[in-house]
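Participant: Need the 3D shape of this:
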Amino acid sequence: MPKIVSEEERGLVKDAMYDATIGLIRKKGVRKVTVDDITEAVGISKGAFYMYYPSKEVCIYEVLKQNEKALFARMEEIMQQDLRDRERCAALIREVMLSQDSLILFLSPADLEILLRKLPAEYREREAKKSDDYFKRSLELLKVGNDKMEAVAMLTDCLSVVASNEMFSERGKQEALDVLVMAMADYISKEESV
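Facilitator: Prediction:
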């Protein structure tokens, strides 16, 4: 007879699966994470995994969406803070790109496209609606106009390269990230740097 699991226990396991999947995506990339990786990291059986998610792809997609929602909530909190425009831009960039649980730098458009192809149609439809909405909200929060979008995208790629570089010390990496973040904030914000 299967073990009866309370809603609280279910929530704890799902939270652990979320945290483990975030860590695995950051370490291995979306395409290389396996069900075995997740179950091993959480300490559950494969059968237990499938009680929560019908597939690895659904699990990863749900984790990505939960992560995205949490990041937007934190971005909106930053927007409410009494900060100068440049400081607000820098705080938003750090939160979205560099926070410990952010997956932005670890998820390429190709990764998302491949993941969506493996999901049922209702997920693809839901994603199409959400992606447009989140993209518009991101631009609004960062106050990035279409005229600056291409340069911001390229600077984001630079952040990704530096953040994932293992050849240099943490101190050097952090200094380079700080320089890039402030350069992006200067470029995006309306005020002059001091």
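Participant: what about the closest residue to residue 76 other than its chain neighbours, neighbour count?
Facilitator: Nearest residue to residue 76, sequence neighbours excluded (CB to CB, 6 or more residues apart in numbering): residue 141, at 7.2 Å. All C-beta spots, glycine's among them, are computed from the backbone N, C-alpha and C. Residue 141: 17 surrounding residues under other CB atoms under 10 Å.
Participant: Now do the buried residues in the helix of greatest length in the chain.
Facilitator: In the chain, assigned by DSSP state H, the helix with the most residues is helix 56-80. Neighbour-count burial for helix 56-80, counted by 16 or more other CB atoms under 10 Å, picks out 56-64, 67-68, 71-72, 74-75, 78.
Participant: just these now: which is nearest residue 46?
Facilitator: Of all the buried residues of helix 56-80, residue 56 has the smallest distance to residue 46: 10.6 Å, by CB to CB.
Participant: What residues does the closest one make contact with?
Facilitator: 33-35, 38 (CB atoms under 8 Å, 6 or more residues apart in numbering).
Participant: hmm, 7 Å instead?
Facilitator: Shown in contact with residue 56 (CB atoms under 7 Å, 6 or more residues apart in numbering): 34-35.
Participant: now it: how far from residue 182?
Facilitator: Plainly put, residue 56 is 39 Å away from residue 182 if you go by CB to CB, to the nearest Å.
Participant: what's the closest non-adjacent residue to the most centrally placed residue in the chain?
Facilitator: The residue lying closest to the centre of the chain (CA atoms, centre = their mean) is residue 103, at 2.7 Å. In space, and not counting its chain neighbours, residue 103 is closest to residue 67: 5.3 Å by CB to CB, 6+ apart.
Participant: Also residue 41?
Facilitator: In space, residue 41 is closest to residue 20, 3.7 Å off (CB to CB, 6+ apart).
Participant: Remind me which helix or strand that neighbour belongs to.
Facilitator: In this structure, residue 20 sits in helix 7-28 according to DSSP states H and E.
Participant: Now do stretch 78-94: distance to the chain's middle.
Facilitator: Using CA atoms, centre = their mean, to the nearest Å, the mean C-alpha position of stretch 78-94 is found 19 Å from that of the whole chain.
Participant: average model confidence for it?
Facilitator: Stretch 78-94 shows an average pLDDT of 89 in the prediction.
Participant: which stretches of the chain form helices?
Facilitator: With DSSP H as the criterion, the chain has helices spanning 7-28, 35-42, 46-52, 56-80, 85-93, 109-117, 121-142, 146-163, 170-188.
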